[in-house]
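Engineer: sequence? don't have it. structure:
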């Protein structure tokens, strides 16, 4: 999915409590992996689970990468990860809420604030990279069931669709066991629609 102009961004309703967003200025493989697991395990984010500490360090310790932590009620409510790419493209690699905040009206505002910061590339973060000309992301049928609708409500449009099989390792290899296997909660867990 993509957005080609900041003017296309549509605001979300404000959540019931204040949310703050802080850029992680000290690259931390430990924190990034913990956020990835906490947010992603229930929506089958498993691609990075096999990464070593050195893989994580190489990923987060780059000037073009920006990780933002969302806080609400004194608790980490979610995070997002942005990458400044050549030619003005800015990819939203990851965006999501921790389980305690899912389904409570925080998701739209998280995505809105993520996209606002993506468009501020070159001034607020990745100063060396120049301004953003396109903000884009990948999503799939394995993501949260409301993700696609949320992205559309914020102003994203589908840029491309691909259907392909994807092997998903058991996401219960997260830091502690999940109550159930999230792969079993979706009817077509062996195929993924990427937009």
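Structural biologist: Cool, the structure landed. None of the values given here were measured: they were computed from a predicted structure. Numbers count the residues shown, from 1 in each chain.

Engineer: Can you show me the strands along the chain?
Structural biologist: Applying DSSP state E to the chain gives strands spanning 2-3, 19-23, 65-72, 75-84, 89-97, 134-137, 162-165, 191-194.

Engineer: Mind giving me the packing neighbours of the third one?
Structural biologist: Read that as strand 65-72. strand 19-23, helix 29-40, strand 75-84, helix 107-119 (3 or more C-beta pairs under 8 Å, 6 or more residues apart in numbering; DSSP states H and E). Glycine gets a C-beta too; all of them are placed from N, C-alpha and C.

Engineer: closest one to residue 151 among the strands of the chain?
Structural biologist: Smallest distance to residue 151 across these (C-beta to C-beta): 7.1 Å, for strand 134-137.

Engineer: what packs against the closest one?
Structural biologist: Using 3+ C-beta pairs under 8 Å, 6+ apart: strand 134-137 touches strand 2-3, strand 89-97, helix 107-119.

Engineer: distance of residue 117 from residue 100?
Structural biologist: Computed as C-beta to C-beta, to the nearest Å, the residue 117 to residue 100 distance reads 23 Å.

Engineer: more neighbours, these two?
Structural biologist: residue 117 (21 against 15; other C-beta atoms under 10 Å).

Engineer: OK, contacts around the more buried one?
Structural biologist: By C-beta atoms under 8 Å, 6 or more residues apart in numbering, residue 117 lies in contact with 21, 23, 66, 68, 80, 82, 124, 125.

Engineer: can you rerun that using 7 Å?
Structural biologist: With contact taken as C-beta atoms under 7 Å, 6 or more residues apart in numbering, residue 117 is in contact with 68, 82, 124.

Engineer: looking at those, which has the most residues close by?
Structural biologist: Ranked by the number of neighbours (other C-beta under 10 Å), the contacts of residue 117 place residue 82 first, at 28 neighbours.

Engineer: Cool, thanks, talk later.
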